[in-house]
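In: quick one, structure for this:
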Amino acid sequence: MSTIEELFSLEGEVAIVTGAGRGIGEGVAKVLAGAGAKVICAARRTNEIERVAGEINDDGGEAIAVTTDVTNPQALEALGQAAIQQWGKLNIWVNNAGGSPLQVPLTELPLEEWNNTIALNLTAIWESTCTAARLMEDGGRVVNISSIAAEMVVPGSGHYSAAKAGVNMLTKTFAHELGPRIRVNCIMPGAVPTEIMMTAMNLKDEDLPRLEQMLRLPAGRLGTPRDLGAGVLYFSSPATEWVTGQCLRVSGGG
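Out: From the prediction side, this is the model:
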C-alpha cells in the first residue's frame, strides 16, 4: 500500500507544461517540479520559459525550456521529442496554453479572432493530446486547462467560452478513447488574476480588491497559480489512478 507521500509523488516522471512562462502555467510547472517531476517548460516567449526553468533548477528541480507555438503541429511533435531526447520518456502533458485578450459581443467579433481563439484554445489541445498519445508510455496522463467559462455565460467572451466547452468534451472523449492506457482530465480555473485575465477584463492591480468583494467567493479570496498547480498535481499523481474523464472546478467555490 502506498503512503500518503507516495500517492502524490511524481519522482522519476517527465512532464510537459505548455504556456509555462507565466501565470497558471508557471505555477503548474513549479508545483509538478516540487513533486519530483522533470519538467519541460514550453511557450512562445523564450525568455519567460528560460526564467521559469532556471528558477526550478535553482530550487533543486530539473527543467528545460523549449520554445513552442502550440498551434503548429510540427512544433508540438518537436516538443514531445525533446522530452524523450532529454529524459527518455514522457509521462504527463499539461495543455495550459490558451486565452483570449478580447471581450466583445459575438455579433461584433471579428472572424479572425474567432478563428485564432478556436485554434489556440481547442484545436491545439486536440493536436497536443494526439501527439502525447503517440509518444507516451502506458500510464500516461493528460491534464487540460479549461475554464469555468465553459459552463457559464460570460458576455463578451462567448468565443472563449465555446472553445473551453469544447475542451471539456474533448477531455471526456479522449478519456474513453485512450483509456486505460492514458488518463485524461481537466481543470476549470475560476478567477485567477493572470496577465491574460487582467487584459481581457481591463483590470489593474488596484481593481482586484473590488473584484474579490464583488465575487464573494466561498473560499474568501481570488485564486493563485499555485492553487491551479495543486489541482494539476492531483490529476497527475498516483492518487487518481481510478479517475479519468473528469472536469474539476478549481474556482474558490465560484
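
In: nearest residue to the middle of this structure?
Out: residue 96 (2.5 Å; CA atoms, centre = their mean).

In: show me the contacts for that one.
Out: 17, 18, 19, 20, 24, 25, 28, 145 (CB atoms under 8 Å, 6 or more residues apart in numbering). (Glycine included, C-beta is placed from N, CA and C.)

In: so residue 150 is in contact with residue 165, correct?
Out: Yes - with contacts defined as CB atoms under 8 Å, residue 150 counts as touching residue 165 at a distance of 4.4 Å.

In: looking at the two now, which is surrounded by more residues?
Out: residue 150 (21 against 16; other CB atoms under 10 Å).

In: surely that one is within a strand?
Out: No - Residue 150 is assigned helix when assessed by DSSP: H, G, I helix; E, B strand; the rest coil, not a strand.

In: list the contacts of the helix or strand that contains residue 125.
Out: Applying DSSP states H and E as the criterion places residue 125 in helix 124-135. For helix 124-135, contacts defined as CB under 8 Å, 6+ apart pick out 16, 18, 70-71, 73, 76-77, 79-81, 83-84, 90, 93, 95, 97-98, 140, 142, 144, 167, 170, 174, 178, 182, 184.

In: please compute how far it lies from its chain's middle.
Out: The chain centre lies 14 Å from the centre of helix 124-135; the measure is CA atoms, centre = their mean, to the nearest Å.

In: what about it, average pLDDT?
Out: Model confidence over helix 124-135, given as mean pLDDT, is 98.

In: ok, now stretch 73-83?
Out: 98.

In: do stretch 149-168 as well
Out: Here the average pLDDT along stretch 149-168 is 96.

In: just the terminal-to-terminal distance for that stretch.
Out: Stretch 149-168 has its terminal residues 11 Å apart, counting by CA to CA, to the nearest Å.

In: any idea what residue 185 is bridged to?
Out: Beta-bridge pairing for residue 185 (DSSP bridges): residue 143.

In: so how far is residue 252 from it?
Out: 20 Å (CB to CB, to the nearest Å).

In: looking at those two, which one has more neighbours?
Out: residue 185 (24 against 21).

In: and residue 68, how many neighbours?
Out: 26.

In: for the closest residue in space to residue 68 that isn't next to it in sequence, what are its contacts?
Out: Sequence neighbours aside, residue 42 is the residue nearest to residue 68 in space, at 4.1 Å (criterion: CB to CB, 6 or more residues apart in numbering). Residues near residue 42 by CB under 8 Å, 6+ apart: 16-20, 49, 65-68, 70, 79, 97.
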